[in-house]
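Enquirer: following is a predicted model, sequence given first.
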Amino acid sequence: MGHLDHAALGWLTPALSYVMACIGAALGLRCTVRALAATGRSRRNWLVTAASAIGTGIWTMHFVAMLGFSVGGTDIRYDVPLTLLSLLVAMVVVCAGVFAVGYGRDRGRALFLGGLTTGVGVASMHYLGMAAVRLHGDVTYDPVLVGLSVLIAVVAATAALWAALNIKSPVAVTIASLIMGAAVSSMHYTGMFAVSVRVTPSGAALPGATAMQFIFPLAVGLGSYLFLTSAFVALSPTAGELEASASAQRLVERTAP
């Protein structure tokens, strides 16, 4: 068996991946809060932004953590199409869950279906990302730990959607985001501890791209998207601020000579 190191770069990758998960969760929650206070096209746009933020945060968390993944006795490469497909899966399943909550009439049923769909989708993203790994050897998984990672993903997704429905204040959103970031990170590393690799030494070139050639630039780009979107949301007026502004404008119009 090859020796697996999940933090080959020290605590940098676990800490940075946790930060990315928290940012994605916080941004997604704030956008969902805005969406639930809006109607029509505005609600749809806020929900799409929320889904892209959460999906991007989860995917970036996973692959930033993978920058610190190494296996003794073999190099590691990543299949580019499969890696991009895992990003698409993350976006689509989170979007389905967020829209179920945003438009569902029965909140309890929407929360259950949305959490289940999103959680299974997040787990699928993780293992699809792992399927993109290319190395000299055979990868196997502990089924118990795989099942536990899927359970954590479903619970984390359900908790995230519940928070989106029930948490409004910035302080509460911050606390919920820290908890959600920890849950997503726990799911990732539980899934990674399920991995075993039987290395087959070979001098043949591996197909795919290295983490620094492909994963790192993409993670930096998506991380930048999260930061820029966070700034946009922070500067955008809330529904309450828009209503107050409209009320003030109507008052001015009524009192004007």
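Expert: Yep, that arrived. Values in this document were obtained by computation on a predicted structure and should not be read as measured data.
Enquirer: just how off-centre is stretch 52-67 within its chain?
Expert: Put simply, stretch 52-67 sits 5 Å off its chain's centre (Cα atoms, centre = their mean, to the nearest Å).
Enquirer: so for that stretch, what's the average pLDDT?
Expert: Mean pLDDT, stretch 52-67: 86.
Enquirer: could I have that stretch exported to CSV, CA atoms only?
Expert: Extracted C-alpha coordinates of stretch 52-67, given in CSV (Å, rounded to 0.1, in the frame of the first residue of the first chain):
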residue,chain,number,x,y,z
SER,A,52,-23.2,29.2,-7.8
ALA,A,53,-21.6,30.5,-4.6
ILE,A,54,-22.3,27.3,-2.5
GLY,A,55,-21.4,25.0,-5.4
THR,A,56,-18.2,26.9,-6.1
GLY,A,57,-17.3,27.0,-2.4
ILE,A,58,-17.7,23.3,-2.0
TRP,A,59,-15.8,22.4,-5.2
THR,A,60,-13.0,24.8,-4.4
MET,A,61,-12.8,23.5,-0.9
HIS,A,62,-12.4,19.9,-2.3
PHE,A,63,-9.7,20.7,-4.8
VAL,A,64,-7.7,23.1,-2.6
ALA,A,65,-7.6,20.3,-0.1
MET,A,66,-6.5,18.0,-2.9
LEU,A,67,-3.5,20.2,-3.6
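Enquirer: got the buried residues for that stretch?
Expert: 52-67 (16 or more other Cβ atoms under 10 Å). Placement of C-beta: from N, CA and C, glycine included.
Enquirer: lowest-pLDDT helix or strand in this protein?
Expert: The least trusted helix or strand in the chain, going by mean pLDDT, DSSP states H and E, turns out to be helix 239-255, with a mean of 49.
Enquirer: where do the strands sit along the chain?
Expert: Counting by DSSP state E, one finds strands in the chain at the ranges 4-5, 70-71, 76-78, 133-135, 137-141, 195-199.
Enquirer: lowest average confidence across those strands, which one?
Expert: Checking each of the strands of the chain, the one with the poorest mean pLDDT is strand 4-5, at a mean of 84.
Enquirer: and it, how far out from the chain's middle?
Expert: With Cα atoms, centre = their mean as the basis, strand 4-5 stands 24 Å off its chain's centre.
Enquirer: which elements pack onto that strand?
Expert: strand 70-71, strand 195-199 (3 or more Cβ pairs under 8 Å, 6 or more residues apart in numbering; DSSP states H and E).
Enquirer: got those as JSON lines, with mean neighbour count and distance to A90 columns?
Expert: As requested, the helices and strands packed on strand 4-5 are exported to JSON lines (neighbours: other Cβ atoms under 10 Å; distance: least, Cβ to Cβ, whole Å):
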{"stretch": "strand 70-71", "mean neighbour count": "20", "distance to A90": "24"}
{"stretch": "strand 195-199", "mean neighbour count": "16", "distance to A90": "20"}
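Enquirer: hmm, V195 and G137 touching each other?
Expert: No - judged on Cβ atoms under 8 Å, G137 makes no contact with V195 at a distance of 11.2 Å.
Enquirer: residue ranges in the stretch 101-250 of the chain under the pLDDT threshold?
Expert: Where the stretch 101-250 of the chain drops to pLDDT under 70, the residues are 234-250.
Enquirer: how much space between the residue nearest to T13 when sequence neighbours are not counted and M130?
Expert: Ranked by Cβ to Cβ, 6 or more residues apart in numbering and with sequence neighbours excluded, the top spatial neighbour of T13 is G68, at 3.3 Å. Counting by Cβ to Cβ, to the nearest Å, the gap from G68 to M130 is 15 Å.
Enquirer: can you pull the contacts of T32?
Expert: Listed by Cβ atoms under 8 Å, 6 or more residues apart in numbering, the contact partners of T32 are 46-47, 50, 98, 101-102, 164-165.
Enquirer: can you tell me how far it sits from G24?
Expert: Relative to G24, T32 is positioned 12 Å away (Cβ to Cβ).
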